[in-house]
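S.K.: here are the coordinates; sequence isn't available:
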């Protein structure tokens, strides 16, 4: 059964792209959760609707249209929080509402919802192309390089921004780069789990890892393992029972989160 499942080309592309996106989102999600910016994925995902709607209206590639749109929106969130002193969650809410409203307006002008748009809203990982899989691989490579080169700067800004500034680290630059890369990950992830479930891919694996880890590096690699494992299991369940792949992947993540929460409770009682 498993060998038959893995023999299909569309499954292989889906597993490859899904694994690469899951690993990217898990790593970025760790920093977003620790910096209390985890809901930024939700805001960017709503902006994705605008990019997808424009692409479908103009017969363009949704990924290529959505990337600049979401990048600009992510920078808008940063500007709102820094220049106008608006709290992060409020800035995310403003941009999210604007993106969703514009996206729905363009969708209405384009003739309403169709099958193509619905696949982006709820995920269609088994329709991923090799080009999109390659883009996912490029994203992960960039993230790993930045993680290796700027590891101390990233961790310092996560745990103590004032201290990081005293060490000469440009906290604003670190935050901007993190948000911009996250915007690319969000766009590439909408084929995996759908626009409405992207934030879960950024939040749930890191939170699960935080519950069962003792060191920061453990959090990173456990988040990646949990996220990739849930993608593989979710796609298999989706293939076998003909259910939406995005929903199956997120439900598996929730199952892992529940298990990690239970384990942390048991471990906490043992140390009492």
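M.R.: Cool, the structure landed. It should be emphasised that the depicted structure is a prediction, and the values quoted were computed from it without experimental measurement.

S.K.: Residue 163: how many residues sit nearby?
M.R.: 11 (other Cβ atoms under 10 Å). The way it works is simple: take the backbone N, C-alpha and C, and place the C-beta from them, glycine included.

S.K.: Tell me the spacing between the closest residue to it other than its chain neighbours and residue 174.
M.R.: Distances taken as Cβ to Cβ, 6 or more residues apart in numbering place residue 156 nearest to residue 163, at 6.6 Å, with adjacent residues excluded. Separation of residue 156 from residue 174 (Cβ to Cβ, to the nearest Å) stands at 9 Å.

S.K.: Please enumerate the shared neighbours of the two.
M.R.: residue 164 (Cβ atoms under 8 Å, 6 or more residues apart in numbering).

S.K.: For residue 200, what is the enclosing helix or strand?
M.R.: helix 198-211 (DSSP states H and E).

S.K.: next structured bit after that helix?
M.R.: Sequence-wise, the next helix or strand downstream of helix 198-211 (DSSP H and E) is helix 216-241.

S.K.: residues of whichever helix or strand comes after that next one that come out buried?
M.R.: Sequence order places helix 245-271 as the next helix or strand after helix 216-241, per DSSP H and E. Within helix 245-271, the residues that count as buried by 16 or more other Cβ atoms under 10 Å are 245-253, 256-257, 260.

S.K.: Which pair of those spans the longest distance?
M.R.: Greatest spacing in the buried residues of helix 245-271, by Cβ to Cβ: 245 and 260 (22.7 Å).

S.K.: Give the residue spans of the stretch 101-250 of the chain that score low on pLDDT.
M.R.: Scanning the stretch 101-250 of the chain for pLDDT under 70 picks out 110-123, 126.

S.K.: ok, now with 50
M.R.: Filtered on pLDDT under 50, the stretch 101-250 of the chain yields no residues whatsoever.

S.K.: Could you pull up the residues touching the residue nearest to residue 163?
M.R.: 163-164, 167, 169.

S.K.: do residue 69 as well
M.R.: 47-48, 50-51, 54.

S.K.: same question, residue 182
M.R.: Neighbouring residues of residue 182 by Cβ under 8 Å, 6+ apart: 28, 32, 40-41, 44, 74, 202.
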